[in-house]
Every structure is written in C-alpha cells, then in structure tokens.
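A.B. asks: pasting the structure only:
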C-alpha cells in the first residue's frame, strides 16, 4: 500500500473510530422529484393519493467505494381522516462509512378553508427514526498491526426524532422542519473530546406555482434554506420547475442551484485560496397515469474537486388509493 494512502487511512481511523457523525438521511435534491416527504415529515399524506417512491443515487462512476444512496418511502392518509402515516427506509454508503435507517411518521392536516375548494391547510408531522452507523476497518491493516486501528467493522445504533410543519394556501406553500432533535451521547465523540453529538439541522422551504386558467403550462419557483446547528454551516437552494399537462399525465423538469454560505480553504501554489460548495442540478420527470419516473443529475461546480463526475439519480414512483382532486389551485403536491 502506498505510504501516503496508509497515513491517510490511519488518520481516518483516529477520527472515525469513535465518531459516527453522519446526519441520518442525507439532504439532496430528491424533494424536487415529487418527494417532499423525504425531508419534511409534515408532507406525509398531504396529497390526494397514497405515494410510494424509490430513489437510487450514485456518484463518481468508476471510483471504488463511491458515495451511493437508496431510499424507499411510503405515505398515505388514514382512511378519510385528517391524519396520515408514512415510512422511510434507506441505505447510505460513503467509502468505509455506511448507515442504514428507518423512520416512521405521523402527520395531521388541519383544513382552515370554509370548503374543500379553496386550499388553506396547516400540517404537522413527527418522525421517529433508528439509524445504524458502520465503519469498516477490516482492510486498514494491510501492512500489519496498528494500535489505533481495530481492524474490525465497528457499528453503533441511535434513535432520533424529526418534527416539522407545512402550510398550503392556494398556490403557495411553506415548510419548516427540525431534523435530529435529540442528542446522541456516546456515539459522536472523537479522541480530542470534541463533541459531535448535536446533528440538529433546520430546513425551511417556500414556493409558489403560477399558471393561467386553462393553460397546459405552470411554473414553480422555490427556495430551501438549510442550517446545521453544531457546525454553524448553512446553504440554500434556488429552484425553478416547469409542468406541462399531457393526455397521459404530466411532463415536468427544472433546475436547482445549491450554494454553501461557508467557504473551505485550500493551498493554491504558494498561497491559500477558498471556495464555497455549489451544485447545479437539472432534473426531468414524467407522470404517466399513476406512475412517476424521474432522472436527476447534480454537478459540483468548484475548481477543486475529487472527480469531475456528478451524482446520477433515478426515481420511480406509484400513486394508489387516489381520491378526486378537491382543490381549485395549482398545487401539484396536493392534487
């Protein structure tokens, strides 16, 4: 094994043996492919159909141990009530680190409008999740014994809670969610005593769908802001989405731009430069009868990157137990 690679793995072992500071279900751009429930528990059962969504995400094709993520989600109203349930299972792998998790969600939807034609609804959602973190050190000792590396597959399991609310008023919507409310004592500490037990993340999303009466076209600009409590990092998404009604269903697509508000410094020749993480994410999808198909590509537009390849993601979905479209609005997440 190359000596530099060995020392890199040794350092990884020092900081990772007692530090499983992953965030739970990663927050990508999946929500733009008709999948807001992945990041906002209050969106469980908000639509007039029960929804199943399967996503598969892969980065850096051709690279060993490249990041990958698979999710499966289901959410539905409970009969004709205002309550809903949902569930998410996922598997996330990044090099020698991996995590698998499962969430169960309860949501409740309060309708404030005088009738079911004018949409005015406030929703609350609460998710309970179990996450198992793993660090595979079995290949770290290729050149013999090292006292700081266990040479085994280490694992830990914790429990956490997400809470949020959503508000829909005709064509406008807003969501706010706190993810990982609980601290995970005993899991996310390193040898220097630095605490990583706070994985709390705040998400705020707002958007509006515009479209003329009788037109086949509609347009949805939206924003999402994300803030990580422990590291004080923040980022935002600016999104633009377009829909076209078709005989068989609906065509849609758009573009998302994600920008970190915090820079990272790196050596650039004889000086020190900095860059802020930024992604461009085009996506396209189709609703065919009760099925949904979507493709998403995320490109990291930074000067210093590990690989020029981006994230590729496929989304498959199915809607069932559909009720009639109640509301007179441009609200594809609801109707």
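C.D. replies: Alright, I've got the coordinates. Predicted model, so just to flag it, every value in this text is computed and none were measured.

A.B. asks: quick check: residue 71 vs residue 314, distance?
C.D. replies: Going from residue 71 to residue 314 by C-beta to C-beta, to the nearest Å gives 11 Å. Where you see a C-beta, it was placed from the backbone N, CA and C, and this is true even at glycine.

A.B. asks: and those two? Which one has more around it.
C.D. replies: residue 71 (23 against 14; other C-beta atoms under 10 Å).

A.B. asks: quick one: contacts for that one?
C.D. replies: Going by C-beta atoms under 8 Å, 6 or more residues apart in numbering, residue 71 touches 25, 30, 38, 53, 54, 55, 88, 89, 90.

A.B. asks: try it again at 7 Å.
C.D. replies: Contact analysis of residue 71 by C-beta atoms under 7 Å, 6 or more residues apart in numbering lists 38, 55, 88, 90.

A.B. asks: residue 181 versus that one, what's the distance?
C.D. replies: Using C-beta to C-beta, which is the criterion applied here, residue 71 is 21 Å from residue 181.

A.B. asks: follow-up on the earlier one: need the max-distance pair from the contacts of residue 71.
C.D. replies: 55 and 88 (10.5 Å; C-beta to C-beta).

A.B. asks: before we move on, what SS does residue 53 have?
C.D. replies: strand (DSSP: H, G, I helix; E, B strand; the rest coil).

A.B. asks: that one pairs with what?
C.D. replies: For residue 53, the beta-bridge partners are residue 73, residue 317 (DSSP bridges).

A.B. asks: same check on residue 129?
C.D. replies: residue 103, residue 160.

A.B. asks: let me see the contact set for it.
C.D. replies: 24, 101, 102, 103, 160, 162 are the contacts of residue 129 under C-beta under 7 Å, 6+ apart.

A.B. asks: the closest residue to the second one other than its chain neighbours: how many residues sit nearby?
C.D. replies: Just to be clear, that refers to residue 101. Leaving aside its chain neighbours, residue 101 sits nearest to residue 131 (3.9 Å; criterion: C-beta to C-beta, 6 or more residues apart in numbering). Using other C-beta under 10 Å, the number of residues around residue 131 comes to 25.

A.B. asks: what ranges do the strands span in this structure?
C.D. replies: 50-59, 68-77, 83-94, 97-111, 120-136, 153-169, 172-179, 201-208, 217-228, 233-245, 249-268, 271-288, 291-300, 311-320 (DSSP state E).
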